[in-house]
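K.L.:
Coordinates only, no sequence provided:
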Ligand SMILES: Nc1ncnc2c1ncn2[C@@H]1O[C@H](COP(=O)(O)OP(=O)(O)O)[C@@H](O)[C@H]1O
Ligand SMILES: [Mg+2]
């Protein structure tokens, strides 16, 4: 069954058509790769799914068979979609623990009245949440930094924290925007391993955006390729890596050296 | 100095482990003899000054919630203070309501007005939001200035003092216990908000509103909530101000200069820092008092201090102290780790 399905998904910014009639089905509990050269519309895809941008009229996004394209971001989040950002967007002046606790926000009982309702029940649940979040930080190897401002973390640690914040939302669908950008190959392997184990642990459906093919080859079951906002290929990693349109899309424009190497190696 | 502050902080943290309210009760007890000390140690005038400092603390701690925690620019806060003061005064003067009824109603009215001041924040940011809130704040003052029923020319006079049975809060010392209690509870609640999920939602919006909304925070709702909470503080400060002896209000109490004074407290103390807001309020009260003979130049003096602060100490006094405390903790940890030399 498809957990997320888009039909005729389009988004234009003035003259730029960032997405054009994209149809994608994400299967329940799968790990799905979304690849394409820089500027092909991958981040825009996440932005319209999560409500950061409203898609063009005529687009349809359904999640668990519910139309969500008209909903504001916090409602979409509450339904069980969470994401990371390419540029992380951490709450840098808040502590590491507070960052993941914000992720837990939709599951906080008592809502906005909690500071006034300081009964023992409220404090008990607050402590339970705290313990749960510390456990998550331990899993990510960030527990010893729990009370430091997130701004003090190194680049790699920040990537892990942004992953933790998304996981803390207890999502059904997790969208990861270039989670490995800027990491060394070894760290990248570790990160992919962490993502896979998180997927198992929390029974997640995952979509990973990458512009380097190789990163998603070993982890993803299904891959969709975007170019200039359009879907140009879809299928298993083997099918996609031998697809003519895909190779052309990657070779047909200026690319970073490493990208070309990846493609050729594939 | 920092060592002393660390020691005090450590002591109070220890107390709070015994019971969450213990440090606050101790602080309350320590503040009880203050008017006696001021009156007999210096003179009675300083008790009045302490009362004004408490009102400023309520205003600045409240303003810090919307500006410091939630990151929303507002220059209309003084208008909310005016609404709290004038509504409580009118309810008491025209309907003979006791302070204990008129003040809570005034606080609620101010809270509702807070929604109006906050509405532009849903669409506007930065300088545009500042202009919108400035317009709303100023229109409150102008409305008071041109409406006789609101005390346009002569101001509102003979606003009755609060009383409990036979006891009337009609002098500086008795009024001190009223405003000091309110200020301390206000500070306590501000910390409670900061540490709750609501406080985290505010800060997340300040840090990155898009990331906050994607994390499940209803951003427009929490922005408005921050405006409303800070309006409740301003409403209470206003009501306490209106009924404070000699029970007189004039629209000149609510000008742009007052707004600048208010902003100075938050900037001086440190934006987003609760104790900073308190320190700022006390310092501004003192500066205000020391420069009142040159009242003509006060806006200039305050403006210069503000610019100097923003340029050289953007996190205010509170920020500097906080940084120093963190550093000290790091050094202590380090010494612990390396053992005695
Ligand atoms: N907020 C925006 N305003 C204008 N153009 C945008 C905006 N966001 C993305 N775009 C444009 O949409 C296209 C796709 O961008 P993006 O989705 O970020 O690509 P990718 O993530 O695949 O690198 C680019 O041409 C980009 O310039
Ligand atoms: Mg991108």
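P.N.:
It's in. Just so we're clear, the structure is a prediction, and the values are computed from it rather than from any experiment. Ligands and ions are numbered 1, 2, ... in the order given.

K.L.:
drop to CA atoms for contacts and neighbour counts, all remaining ones
P.N.:
OK.

K.L.:
show me the contacts for the residue in chain B positioned nearest to ligand 1.
P.N.:
Taking Cα to the nearest ligand atom as the measure, the point where chain B comes nearest ligand 1 is residue B:210, at 12.3 Å. Residue B:210 is in contact with residue A:52, counting by Cα atoms under 8 Å, 6 or more residues apart in numbering or on different chains.

K.L.:
mind listing what residue B:175 touches?
P.N.:
Residue B:175 makes contact with B:51, B:169, B:244, according to Cα under 8 Å, 6+ apart.

K.L.:
can we see that at 7 Å?
P.N.:
For residue B:175, the contacting residues are residue B:169, by Cα atoms under 7 Å, 6 or more residues apart in numbering or on different chains.

K.L.:
for the one 5 residues further on, same thing?
P.N.:
With contacts defined as Cα under 7 Å, 6+ apart, the neighbours of residue B:180 are residue B:54.

K.L.:
okay, it: pLDDT?
P.N.:
With respect to pLDDT, residue B:180 scores 97.

K.L.:
Make sure it is indeed in a helix.
P.N.:
Yes - for residue B:180, which was evaluated using DSSP: H, G, I helix; E, B strand; the rest coil, the result is membership in a helix.

K.L.:
any idea how far it is from residue B:29?
P.N.:
According to Cα to Cα, to the nearest Å, residue B:180 stands 11 Å off from residue B:29.

K.L.:
quick revisit: any idea which helix or strand carries the residue of chain B closest to ligand 1?
P.N.:
Per DSSP states H and E, residue B:210 falls inside helix B:209-214.

K.L.:
Quick one: mean pLDDT for that helix?
P.N.:
Averaging the model's pLDDT scores along helix B:209-214 yields 97.

K.L.:
Next: stretch A:217-225.
P.N.:
In the prediction, stretch A:217-225 has an average pLDDT of 90.

K.L.:
Pretty sure residue B:213 sits against residue A:73.
P.N.:
Yes - between residue B:213 and residue A:73 there is a contact at 5.6 Å, judged by Cα atoms under 7 Å.

K.L.:
The two: who's more crowded?
P.N.:
residue A:73 (30 against 24; other Cα atoms under 10 Å in any protein chain shown).

K.L.:
May I have the phi/psi pair for residue A:91?
P.N.:
The phi and psi values for residue A:91, taken as degrees, to the nearest 10, are phi -90, psi 90.

K.L.:
now the strands: where do they sit in the chain?
P.N.:
Assuming you mean chain A. When assigned using DSSP state E, the strands of chain A occupy the ranges A:2-13, A:16-27, A:31-35, A:60-63, A:66-67, A:81-83, A:173-177, A:205-210, A:222-227, A:230-235.

K.L.:
let's do chain B instead
P.N.:
Taking DSSP E as the test, the strands found in chain B are B:163-164, B:167-168.

K.L.:
Would you mind giving those strands as TSV with mean pLDDT and distance to residue A:167 added?
P.N.:
Shown next, in TSV, are those (pLDDT from 0 to 100; distance: least, Cα to Cα, whole Å):
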stretch	mean pLDDT	distance to residue A:167
strand B:163-164	91	55
strand B:167-168	91	58
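
K.L.:
and residue A:165, which of the ones you listed is closest to it?
P.N.:
For the strands of chain B, proximity to residue A:165 was assessed by Cα to Cα; strand B:163-164 is nearest, at 51.7 Å.

K.L.:
rewinding a little: pick the most deeply packed of the strands of chain A.
P.N.:
The highest average neighbour count among the strands of chain A, using mean count of other Cα atoms under 10 Å in any protein chain shown, belongs to strand A:81-83 at a mean of 29.

K.L.:
interface residues of chain A facing chain B?
P.N.:
Counting by Cα under 7 Å from any Cα of the partner chain, the positions of chain A adjacent to chain B are A:50, A:73-75, A:77-78, A:82, A:89, A:91, A:102-103, A:105-106, A:112, A:114-115.

K.L.:
Quick one: the strands of chain B as TSV, columns for distance to chain A and mean neighbour count too.
P.N.:
Supplementary listing: the strands of chain B in TSV, determined by distance: least, Cα to the nearest Cα, whole Å; neighbours: other Cα atoms under 10 Å in any protein chain shown:
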stretch	distance to chain A	mean neighbour count
strand B:163-164	27	12
strand B:167-168	30	11
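
K.L.:
Could you dump these into JSON lines with distance to residue A:63 added?
P.N.:
What follows is the strands of chain B, written out as JSON lines (distance: least, Cα to Cα, whole Å):
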{"stretch": "strand B:163-164", "distance to residue A:63": "60"}
{"stretch": "strand B:167-168", "distance to residue A:63": "64"}
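
K.L.:
export those to TSV and tack on distance to ligand 1?
P.N.:
Rendered in TSV, the data for those read as follows (distance: least, Cα to the nearest ligand atom, whole Å):
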stretch	distance to ligand 1
strand B:163-164	59
strand B:167-168	62
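
K.L.:
Fine, thanks again, bye for now.
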